[in-house]
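Engineer: Kindly generate the corresponding structure for this input.
(2 chains)
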Amino acid sequence: MPIELHRIDDRLIHGQVVVGWGQPLELRFLVLVDDEVAASEWEQELYRMGVPPDMRVEFVSVAQAIERYSTFAADPRPGMLLTGDIDTMARLCAAIPALRRVNLGGVHHRAGRAQKLRYIFLTEAEESELRAMAANGVEISAQDVPAARVMPLAQVLAGEALA
Amino acid sequence: MSEQEVRPAALVIGHQDFAAGIVSAVTAITGRSDLFRTASNYGLDTRATEAMLRDAIADGVRVIFSDLPAGSTTMAARRAQRDHPEVTVVTGISLPVLLDYAFAAPGAAHAADAAVEKGRAAMMVTRGPARAD
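Structural biologist: So this is what the prediction gives:
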């Protein structure tokens, strides 16, 4: 299972990813899928600064991720694929039939978003996009760190954890 | 008071209550509560954290202390710093780092560098005496 987690996290590479998941999963590579970061050497250098030397980072655009996914998936070392938003992950899921499980790791507060979990805030459009992904067979759950409870999408959208 | 005697405004930012906690320790030790502002990235994405730091810089903050080199706090600080070369970012901080900075002479040009060295030097491992059995 070379790509252990397909994660949506608007903080991209940060403590929860590198330490929280990186250590228990013994991650050896990260695939950061973001068109803006893939086009900026400065942004890439910024993210590299936060990654331990034994963890490789690939910065790819959505198109490159789709093209190279099978190579990433064939890597025998444990890895994580990261997107900064739901739309990017939805585009990957639509183009990559093998990508059937998605982790909601962090979608934080912004104008127009409603709180669903402590670390998940969604617009109506984002909710619709997640429902569409699930309807197409993608298993979606929320979990910010490994020790946290896994919340299936239906419970996330129902806001059950806030009740 | 001359410009040289003015201490650059400093802000500590961290995950959850890290900043409030460590600055409260500085206050307990120094008796001063005016040395560091505090901020948290709780509930914020990196861009919102960056916007908060940009506001702080516009308000005079010139030194930003962050908790984790790989953290979104540091990423946001580095992004804000990109347009503000007058700002210094120090990451991976500890209480000895902040205390050294707090006691540095106001206006000391290399106070942040000296504080980092102090923080490094303060770390140690101690073990109890070996048992005879």
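
Engineer: what's the offset of the helix or strand hosting residue B:90 from the middle of its chain?
Structural biologist: Here residue B:90, judged by DSSP states H and E, is contained in strand B:88-91. Strand B:88-91 sits 7 Å away from the centroid of its parent chain (CA atoms, centre = their mean, to the nearest Å).

Engineer: next one: stretch B:110-120
Structural biologist: 11 Å.

Engineer: Doesn't residue B:81 lie inside a helix?
Structural biologist: Yes: judged by DSSP: H, G, I helix; E, B strand; the rest coil, residue B:81 forms part of a helix.

Engineer: list the contacts for it?
Structural biologist: B:64, B:87-89 (CB atoms under 8 Å, 6 or more residues apart in numbering or on different chains). Yep, even glycine has a C-beta here, placed from its N, CA and C like the rest.

Engineer: Could you do residue B:87 as well?
Structural biologist: Residues near residue B:87 by CB under 8 Å, 6+ apart: B:57, B:61-64, B:80-81.

Engineer: Chain neighbours aside, what residue packs nearest to residue A:157?
Structural biologist: residue A:127 (6.0 Å; CB to CB, 6 or more residues apart in numbering or on different chains).

Engineer: Am I right that the one you found falls within a helix?
Structural biologist: Yes: judged by three-state DSSP, residue A:127 forms part of a helix.

Engineer: Tell me the spacing between it and residue A:140.
Structural biologist: Per CB to CB, to the nearest Å, residue A:127 is found 11 Å from residue A:140.

Engineer: And for residue B:106?
Structural biologist: Distance from residue B:106 to residue A:140, by CB to CB: 53 Å.

Engineer: Among those two, which residue is more densely surrounded?
Structural biologist: Set residue B:106 next to residue A:140 and count neighbours by other CB atoms under 10 Å in any protein chain shown: residue A:140 wins out with 24 against 12.

Engineer: right, and that one touches residue A:134 too?
Structural biologist: Yes: if you go by CB atoms under 8 Å, residue A:140 and residue A:134 touch, sitting 5.5 Å apart.

Engineer: Please identify every residue contacting each of the two.
Structural biologist: With CB under 8 Å, 6+ apart as the test, residue A:140 and residue A:134 both reach residue A:153.
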